[in-house]
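Peer 1: One predicted model, sequence on top.
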Amino acid sequence: MTEMVFKGPLGFGQEVEGEALVSAEAFSPRYDLDRATGVISRKGHPLEGVSIAGKILVLPAVKGGVAAGWALLNLRERAIAPVAIICSKTNPVFVQGCVVARIPIMHRLSPDPFTVIQSGLKLRVSPQRGEMTVSLPDPASPSRLRARCGETMSSS
Amino acid sequence: MQARNKSDLEEISPREMELTREEERILTGDCGAAQRWALETQIQTGKFFDARRLLPIGNCHMVADYEVMGEAGYYLLQNLAAQGARISVPTTTNARCVDFDAATRLFQDPHMIAREKEIMTLLRGIGAMLTDTCINYQTVYQPHIGEHVAWGDTGTVIYANSVFGARSNFEAGPAALAAAITGRVPCYGFHLDEARRGTVLVNVAVELSDLSDWGALGAAVGRIVNDYWAVPVFCGIAPSVGSDQLKHLGASLASYGSLAMFHMIGVTPEAQSERHAFGDLAPTEIIEIGPGALDAVYESYYVDKEEIDLVVLTGPQLSLFELRRVAELLDGRHVNVNTQLIITTNRQNHTVASQLGYIHEIERAGGSVLVGTCFYIMAPGEMRKHFGWSNVLTNSAKFANIIGGYRYHPIFRRTDICIEAAVSGRIAR
């Protein structure tokens, strides 16, 4: 077991651990999610049918309107919220929503986790230290990494 | 849930930021738990984006309907009201999820209707003005250049920043509520000159005729530039462009690209020239928009079946001019028995359009004009199941982008095609 550390500006919220759920597309709770169940509902979304509950959402970007502001609070109250959100780029709505719902959020990490992490990897998010750590099960065959530190690797 | 929300008011401990003496006092709780909650959430958000201080605002526009707030938002609002929350600057509300006159025939959920009424009572109680419109910039308030405001709905924010030269970030529901209570916003993003400079040049070499073409332009650019912090600069648009065109462009840019501001050379107030719009910085990207770019947007919403179940003109609510055009396009004909035509507007436009006969003309044709709401926030997934609708035709690029999340098949076309399909019940593949 080896660890890889991503660094960035201080984020919001307490340290949490969880499993990564990586969305290939920018994300919006209104456009993409059934907010009653926490399951991705938009037809044709790469994660259609997948639940975001209890996951660490890893996103290239966020999209759409102001719905996330209230949606994240509702997801938490229904116990179907993600445990943290990691964005390459975010907007105020997601941060406002996370602050009100007490969901840790970080952005602008380096290297960009979106290019490195695949769903299922275990992450530790430490917003107050500006750090995120990923545990790699087997460093000899990093089959669940798409690329590491900007260096492209073939995925098996 | 209520108990947990109560602890929410006490949990946050903000890190350092330059605060006034009054703000320090609010944080001690001397001004009440609601003020403290509001300021603390704003400080946490401000810190995330490196804000150094808060700014006073004179106006707030808030998204606060039950569909988006849910039970959690309802309880938070109830809790804040019980803690003595009072709105401190003129604050208006965005579209509601219920038109109470139409709710029964649309089979809207009685619980949602009841909750919406309770939310409206709570909002009135804390001092909000229930305008229930997403086109406040056309009918309620037009801030001046440089005016700091806290607006909620993204279509309103991009219009305020771009067309008025006012200054706002996206202030989502709870954030706008916090701003309304404190009369402040954290100073970052589009409140600062740096964020307002153009970043991407968009050369428009296509004639834009229908309002939907402006939405298509917003979709084409928004899909490429999906970044809140980017500011496209449109070049090649005639200064005769009107408010409805800019409204459809802005709503679409915000929807597809999460964008909060654009410039238009010779049209918008911070873009008298390219140099004015970009400052000393060169564009990071140049996008060429020809006819093919708009066609590609329309074609991305393909016709799934020739029968059209539903035609919806909404998102944003229709202006007086748009209502007149729909009445004219209907031209004395009737909407097909197998197709529904649904239009939304606000109370102000509905009143004037009624006086001018446009509402009568649309209703005589069998169309339905909903007031103070917007279709996609009316729990459209439930309506789809109840009425057995599968596809929806619209002239709003923003609406087409959103309604897929409720498992409709969206088709986006020009306004005249939408009305012809409403009348014939069909569309060519």
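Peer 2: Received, thanks. Numbers count the residues shown, from 1 in each chain, chains lettered A, B, ... in the order given.
Peer 1: residue contacts, residue 74?
Peer 2: In the absence of a named chain, chain A is used. Neighbouring residues of A:Asn74 by Cβ atoms under 8 Å, 6 or more residues apart in numbering or on different chains: A:Arg35, B:Met69, B:Gly70, B:Glu71, B:Ala72, B:Gly73. C-betas here are computed from N, CA, C, even on glycine.
Peer 1: You answered for a different chain; I wanted chain B.
Peer 2: B:Tyr66, B:Arg115, B:Glu118, B:Ile119 are the contacts of B:Tyr74 under Cβ under 8 Å, 6+ apart.
Peer 1: And for the residue of chain B at minimum distance from chain A, nearest residue in space, chain neighbours not counted?
Peer 2: Going by Cβ to the nearest Cβ, chain A is nearest to B:Ala172 of chain B, at 2.3 Å. Counting by Cβ to Cβ, 6 or more residues apart in numbering or on different chains, B:Ala172 lies nearest to A:Gly69, which is 2.3 Å off, once chain neighbours are set aside.
Peer 1: Just put the contacts of B:Tyr74 in CSV and tack on secondary structure.
Peer 2: Conversion of the contacts of B:Tyr74 to CSV gives the following (DSSP: H, G, I helix; E, B strand; the rest coil):
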residue, secondary structure
B:Tyr66, helix
B:Arg115, helix
B:Glu118, helix
B:Ile119, helix
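Peer 1: Give me the next element, helix or strand, following the helix or strand of chain B with the lowest mean pLDDT.
Peer 2: The weakest-scoring helix or strand in chain B, judged by mean pLDDT, DSSP states H and E, is helix B:2-11 (a mean of 40). Sequence-wise, the next helix or strand downstream of helix B:2-11 (DSSP states H and E) is helix B:21-28.
Peer 1: Off-centre distance for that following helix?
Peer 2: Relative to the chain's own centre, helix B:21-28 is displaced by 33 Å; criterion: Cα atoms, centre = their mean, to the nearest Å.
Peer 1: could you give the mean pLDDT of the first helix or strand past that helix going along the chain?
Peer 2: Following helix B:21-28 in sequence order, the next helix or strand is helix B:33-48 (DSSP H and E). Averaging pLDDT along helix B:33-48 yields 97.
Peer 1: Figure out how far helix B:33-48 is from the centre of its chain.
Peer 2: Offset of helix B:33-48 from its chain centre (Cα atoms, centre = their mean): 24 Å.
Peer 1: helices or strands up against it?
Peer 2: For helix B:33-48, the elements it packs on are helix A:92-101, helix B:2-11, helix B:21-28, strand B:54-56, helix B:66-82, helix B:173-182, strand B:184-186, judged by 3 or more Cβ pairs under 8 Å, 6 or more residues apart in numbering or on different chains; DSSP states H and E.
Peer 1: Same question for the fifth one: list its buried residues.
Peer 2: The reference is to helix B:66-82. For helix B:66-82, burial by neighbour count (16 or more other Cβ atoms under 10 Å in any protein chain shown) applies to B:66-70, B:72-77, B:79-81.
Peer 1: any idea which of these is the one closest to B:Trp37?
Peer 2: If you rank those by distance to B:Trp37 using Cβ to Cβ, B:Leu80 comes first, at 6.8 Å.
Peer 1: For that closest one, list the residues it contacts.
Peer 2: Each residue near B:Leu80 by Cβ under 8 Å, 6+ apart is listed here: B:Leu9, B:Ala34, B:Trp37, B:Ala38, B:Ile126, B:Leu177, B:Ile181.
Peer 1: Is there a quick ChimeraX command that grabs whichever of those are buried?
Peer 2: The ChimeraX command for the buried members of these (criterion: 16+ other Cβ under 10 Å) is given here:
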select /B:9,34,37,38,126,177,181
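Peer 1: And the contacts of B:Leu80, which is closest to B:Ser209?
Peer 2: Nearest member of the contacts of B:Leu80 to B:Ser209, counting by Cβ to Cβ, is B:Leu177, at 40.2 Å.
Peer 1: Chain A contacts on the stretch 251-400 of chain B?
Peer 2: Counting by Cβ under 8 Å from any Cβ of the partner chain, the stretch 251-400 of chain B comes close to chain A at B:Ala254, B:Ser255, B:Tyr256, B:Gly257, B:Ser258, B:Ala260.
Peer 1: Try it again at 7 Å.
Peer 2: Within the stretch 251-400 of chain B, the positions adjacent to chain A are B:Ala254, B:Ser255, B:Ser258 by Cβ under 7 Å from any Cβ of the partner chain.
Peer 1: Could you point out which of those residues is nearest to B:Ser368?
Peer 2: For these, the nearest to B:Ser368 is B:Ser255 (23.7 Å; Cβ to Cβ).
Peer 1: quick one, what contacts that closest one?
Peer 2: B:Ser255 is in contact with A:Gly64, A:Gly65, B:Gly222, B:Lys398, B:Asn401, B:Ile402, counting by Cβ atoms under 7 Å, 6 or more residues apart in numbering or on different chains.
Peer 1: Highest neighbour count among those?
Peer 2: The residue in the contacts of B:Ser255 with the most neighbours, by other Cβ atoms under 10 Å in any protein chain shown, is B:Lys398 (30 neighbours).
Peer 1: Now name the helix or strand holding that residue.
Peer 2: Using DSSP H and E, B:Lys398 sits within helix B:397-403.
Peer 1: and whichever residue of chain A sits closest to chain B, how many neighbours?
Peer 2: Across chain A, no residue is closer to chain B than A:Gly69, which sits at 2.3 Å (Cβ to the nearest Cβ). Counted by other Cβ under 10 Å, the residues lying close to A:Gly69 total 32.
Peer 1: mean confidence for the helix or strand it falls within?
Peer 2: Using DSSP H and E, A:Gly69 falls within helix A:68-77. Per-residue pLDDT values over helix A:68-77 give a mean of 91.
Peer 1: Now B:Ser396: phi and psi?
Peer 2: Here is the backbone geometry of B:Ser396 (degrees, to the nearest 10): phi -100, psi 110.
Peer 1: Pull the contacting residues for the closest residue to it other than its chain neighbours.
Peer 2: If you skip the residues right next to it in sequence, B:Ser396 has B:Gly315 as its closest partner in space, 4.6 Å away by Cβ to Cβ, 6+ apart. Residues in contact with B:Gly315, defined by Cβ under 7 Å, 6+ apart, are B:Ala251, B:Cys374, B:Tyr376, B:Ser396, B:Lys398, B:Phe399, B:Ile402.
Peer 1: looking at this, B:Gly315 is in a helix?
Peer 2: No: assigned with three-state DSSP, B:Gly315 falls outside any helix and is coil.
Peer 1: roughly how far apart are it and B:Glu322?
Peer 2: B:Gly315 is 12 Å from B:Glu322, where distance means Cβ to Cβ, to the nearest Å.
Peer 1: on that earlier part again, which helices and strands does the helix holding B:Lys398 pack with?
Peer 2: Helices and strands touching helix B:397-403, as assessed by 3 or more Cβ pairs under 7 Å, 6 or more residues apart in numbering or on different chains; DSSP states H and E, comprise helix A:29-32, helix B:211-224, helix B:243-257, strand B:409-412.
Peer 1: Point out the one among the ones you listed that comes closest to B:Asn349.
Peer 2: helix B:243-257 (11.6 Å).
Peer 1: avg pLDDT for the closest one?
Peer 2: pLDDT averaged over helix B:243-257 gives 96.
Peer 1: Pull out the buried positions in it.
Peer 2: Buried-residue list, helix B:243-257, by 16+ other Cβ under 10 Å: B:244-257.
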